[in-house]
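K.L.:
sequence first, then the predicted structure:
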Amino acid sequence: MIDTMNPLSHTASHDDATVDVAALGEVLLGRWADVRLEARKLAGLPELHKVEGLSHTEHRKRVFAQLGLLVGKNGVHRAFPTRLGGSDDHGGNVAGFEELVIADPSLQIKGGVQWGLFGSAVLHLGNKEHQDKWLPGIMNLDIPGSFAMTEIGHGSDVASIATTATYDQQSQEFVINTPFRAAWKEYIGNAAVDGLAAVVFAQLITKGVNHGVHAFYVDLRDPETKEFLPGIQGRDDSIKGGLNGIDNGRLAFEKVRIPRTNLLNRYGDVAVDGSYSSPIASPGRRFFTMLGTLVQGRVSLDGAAVAASKVALKIAIQYASERRQFNAASDTEEVVLLDYQRHQRRLLPLLATTYAAAFAHEELLVKFDDVFSGAHDTDEDRQDLETLAAALKSLSTWHALDTLQECREACGGSGFMVENRFTSLRADLDVYATFEGDNTVLLQLVAKRLLGDYGKEFRNLDFGVLARFVANQAADLTINKTGLRQVAQFVADTGSAQKSARALKDQDTQHQMLADRVQTMVAEVAAALKEAAKLPKDKGAEVFNNNQNDLIEAARAHAELLQWEAFTAALDRITDPGTKRVMTRLRDLFGLGLIEKHLDWYLMNGRISMQRARTLSPYINRVLAKLRPHALDLVDAFGYGPEHLRATIATGIERERQDEARDYYRKLRASSDGPIDEKVLIQRAKAASKK
């Protein structure tokens, strides 16, 4: 959309490409379009919206009541078995849940605790008897529950939790115990007020053997009095930095006895005589398989973070297309914010990244549904899902925080007002980067998978092939480090900035540069860690620690590549030529933005010449100018209406104010009543003195 009253707006007016907003919106909705639209109708209901200014106790009561509304509208049961009233639709369930973030992030997360964690643990870790016994009450909210995994002393290191579940053969019971204060379960949703039961993760001990972390169903409170049962202690986490509609708290257990059959025993069971059995012999593999069944939390956080980014950008870009500031290009007309190059630099790359994250999330959701529906459910499929979820959740949640902050600042003082959503959403989403896996820890998980895959490529190669690889790698490093590749590229580029720009926007070139960075970083870390396995444990740990940052950066580069590839694949689903042209530019902005972001690496490793590097920033600026006329169409394609945005500055009020001000000054200039500018008098005086 071009502002015809502003001279700066005409910089891209020659571009005749248009965006089919409706068709692009359908592409964004993906496989579960109907579910998303249904969930957005729910999220648009005023009774589900966050009310700013409530105390945390009032907010908690409101959100708990909202869970009941979701149950009444059949909005939460898609993933559960059809025999119990669900629809076995795992992908659709997550697609619907993540849209609730636009109503109130506390509602999305509290619903995720109840049905996505507590309920899913019973569904995926329990047997049919467990499901039939507890899931109906979990589904209809008769049994509000908690997911008690995290401990204050270990956080992300789940394998090292200290809570124990020791089997007593004589009574045929497990004894759940918290041995010290650092073993208290912490940050547990529904623990402070509402939870009647919990799935508690503890070290299973029987016949003197610790079989590692398992899940147990434990009653917490008396359903009538809501008081803790004997042996259970709790503490309210009270007011947090965000998500105050959720009653997070701590839990501890003092020799709490539960029936043997309360062990959720899909992956490990204890017989009456105390003997342990499992379909998975390896303790390590068993542990990761159990945790892998609960991956949907990360999947839904990825999608919710993308949704929040979309809402923020729609508000900020709407405002930037209406707000006028400074009359740099005219004596009488002020410039629309989005016509300033710096404002385009602030918002449009974030828009490109949000599209990339959205398309990547759709691929993640399809992969998740394939695994949990059984369509593609091998060990490798589950490992791929786990890795993909860890990579994308990390990038999208960090991106959401960056987007909300930049949008807030780009809207000036208006952005700081709670009524315009940014500050509230930013506070609520802050912890998304930490829970369901700390982002940095998750990227380390991704990196280890990359190293494992890298190692497999050469595990069975004969000496000759491996020797040739090492020789080729050495030659490649020599070319890069000595600048020979730089020289070759410089010669090819000399005298033609246009040629450099064309090369940078080439799809294959972008892919090669992004992929090469991942491969090189992984190879360098692998080479550094090659000898670590042969060293004593302390020395090996030191080597790993010395390379940990590079390892995590390689994982981040891998996740960025996945997003770029998902964006590129999505272009094939766009049939309208104008829309495809605009979206290709948006993909280029994302890809070139990544290269610009990591330009130091490309220069230091000889992957780009100095001349080509100089063309990068000016070319990105040209892409921004071409995208500027389509910015509103691109955010309109997200499909969020006023009932979802709920931001005053996105209602058109700013355009009304600006038009009113412009009309006022236009009339004042045309009349004889307006005051004379002092600077005009000074100029007249100077002119008169020269006569």
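P.N.:
The structure has been received and is ready for your questions.

K.L.:
now do the strands in this structure.
P.N.:
Counting by DSSP state E, the chain has strands at residues 145-148, 164-168, 173-177, 185-188, 197-206, 209-219, 232-236, 249-253, 256-259, 269-270, 276-277.

K.L.:
ok, the closest residue to residue 189 other than its chain neighbours - contacts?
P.N.:
Nearest residue to residue 189 in three dimensions, chain neighbours excluded: residue 113, at 3.7 Å (Cβ to Cβ, 6 or more residues apart in numbering). No exception for glycine: its C-beta is placed from N, CA and C like everyone else's. Contacts for residue 113 (Cβ atoms under 8 Å, 6 or more residues apart in numbering) come out as 145-147, 189-190, 246.

K.L.:
dump those into a markdown table; add pLDDT as well.
P.N.:
Supplementary listing: the contacts of residue 113 in a markdown table, determined by pLDDT from 0 to 100:
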| residue | pLDDT |
| --- | --- |
| 145 | 98 |
| 146 | 98 |
| 147 | 97 |
| 189 | 96 |
| 190 | 97 |
| 246 | 98 |
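
K.L.:
out of these, who's nearest residue 683?
P.N.:
residue 246 (63.8 Å; Cβ to Cβ).

K.L.:
quick check: that closest one vs residue 66, distance?
P.N.:
Distance of residue 246 to residue 66, given as Cβ to Cβ, to the nearest Å: 12 Å.

K.L.:
just residue 522 next, same as before
P.N.:
45 Å.

K.L.:
looking at the two, which is more packed in?
P.N.:
Comparing residue 522 with residue 66 by neighbour count (other Cβ atoms under 10 Å), the higher total belongs to residue 66, at 24 against 21.

K.L.:
what pLDDT is listed against the more buried one?
P.N.:
Looking at residue 66, its pLDDT is 98.

K.L.:
assess the claim that it and residue 45 are in contact.
P.N.:
No. Using Cβ atoms under 8 Å, residue 66 is not in contact with residue 45; the gap is 9.3 Å.

K.L.:
most tightly packed of the strands of the chain?
P.N.:
For those, the largest average neighbour count (mean count of other Cβ atoms under 10 Å) is found in strand 145-148, namely a mean of 30.

K.L.:
sheet partners, orientation included, of it?
P.N.:
strand 197-206 (parallel) (DSSP bridges).

K.L.:
got the CA positions of the partner strand in PDB?
P.N.:
The C-alpha coordinates for strand 197-206 follow below in PDB (Å, rounded to 0.1, in the frame of the first residue of the first chain):
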ATOM      1  CA  ALA A 197      -3.300 -34.700  41.200                       C
ATOM      2  CA  ALA A 198       0.100 -34.800  39.400                       C
ATOM      3  CA  VAL A 199       2.200 -36.900  37.200                       C
ATOM      4  CA  VAL A 200       5.400 -37.000  39.300                       C
ATOM      5  CA  PHE A 201       8.800 -37.900  37.700                       C
ATOM      6  CA  ALA A 202      11.100 -39.700  40.100                       C
ATOM      7  CA  GLN A 203      14.000 -42.200  40.200                       C
ATOM      8  CA  LEU A 204      12.400 -45.700  40.300                       C
ATOM      9  CA  ILE A 205      14.100 -47.900  42.800                       C
ATOM     10  CA  THR A 206      13.200 -51.600  43.300                       C
END
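
K.L.:
check the gap between the closest residue to residue 421 other than its chain neighbours and residue 417 for me.
P.N.:
Distances taken as Cβ to Cβ, 6+ apart put residue 647 closest to residue 421, at 4.8 Å, once the chain neighbours are dropped. When distance is defined by Cβ to Cβ, residue 647 is 9 Å away from residue 417.

K.L.:
more neighbours: which of those two?
P.N.:
residue 647 (23 against 15).

K.L.:
wait, that one sits on residue 415?
P.N.:
No. The criterion here is Cβ under 8 Å, and residue 647 misses it with residue 415 at 9.5 Å.

K.L.:
mind listing what the residue nearest to residue 421 touches?
P.N.:
Here residue 647 is in contact with 315, 419-421 (criterion: Cβ under 8 Å, 6+ apart).

K.L.:
tell me which two of those sit farthest apart.
P.N.:
Among those, 315 and 419 lie farthest apart (Cβ to Cβ), at 10.9 Å.

K.L.:
which one of those two has more residues nearby?
P.N.:
Using other Cβ under 10 Å as the criterion, residue 315 and residue 419 rank with residue 315 on top: 28 against 12.

K.L.:
and the residue most central in space within the chain, what pLDDT?
P.N.:
In the chain, the C-alpha nearest the mean C-alpha coordinate belongs to residue 396, at 2.7 Å (Cα atoms, centre = their mean). Residue 396 carries a pLDDT value of 98.

K.L.:
repeat that for residue 437.
P.N.:
At residue 437, pLDDT is 89.

K.L.:
just checking, which helix or strand of the chain averages the lowest pLDDT?
P.N.:
Within the chain, no helix or strand scores below helix 484-493, which has a mean of 38 by mean pLDDT, DSSP states H and E.

K.L.:
any idea how far residue 245 lies from residue 108?
P.N.:
Residue 245 is 10 Å from residue 108, by Cβ to Cβ.

K.L.:
same question but for residue 314, I mixed them up
P.N.:
From residue 314 to residue 108 the distance is 18 Å (Cβ to Cβ).

K.L.:
ok, residue 96 next?
P.N.:
10 Å.

K.L.:
equivalent analysis for residue 622, please.
P.N.:
39 Å.

K.L.:
okay, the contacts of residue 647 in JSON lines with pLDDT next?
P.N.:
Below are those laid out as JSON lines (pLDDT from 0 to 100):
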{"residue": "315", "pLDDT": "97"}
{"residue": "419", "pLDDT": "95"}
{"residue": "420", "pLDDT": "95"}
{"residue": "421", "pLDDT": "96"}
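
K.L.:
inside helices: which ones of those residues?
P.N.:
Among the contacts of residue 647, the members falling in helices (DSSP state H) are residue 315.

K.L.:
nearest to residue 268, of the contacts of residue 647?
P.N.:
residue 421 (45.4 Å).

K.L.:
that closest one: how many residues sit nearby?
P.N.:
26.

K.L.:
now do the one 5 residues further on
P.N.:
Counted with other Cβ under 10 Å, the neighbours of residue 426 add up to 21.

K.L.:
circling back: farthest-apart pair in the contacts of residue 113, please.
P.N.:
145 and 246 (13.2 Å).

K.L.:
which residues do the two both contact?
P.N.:
113, 190.
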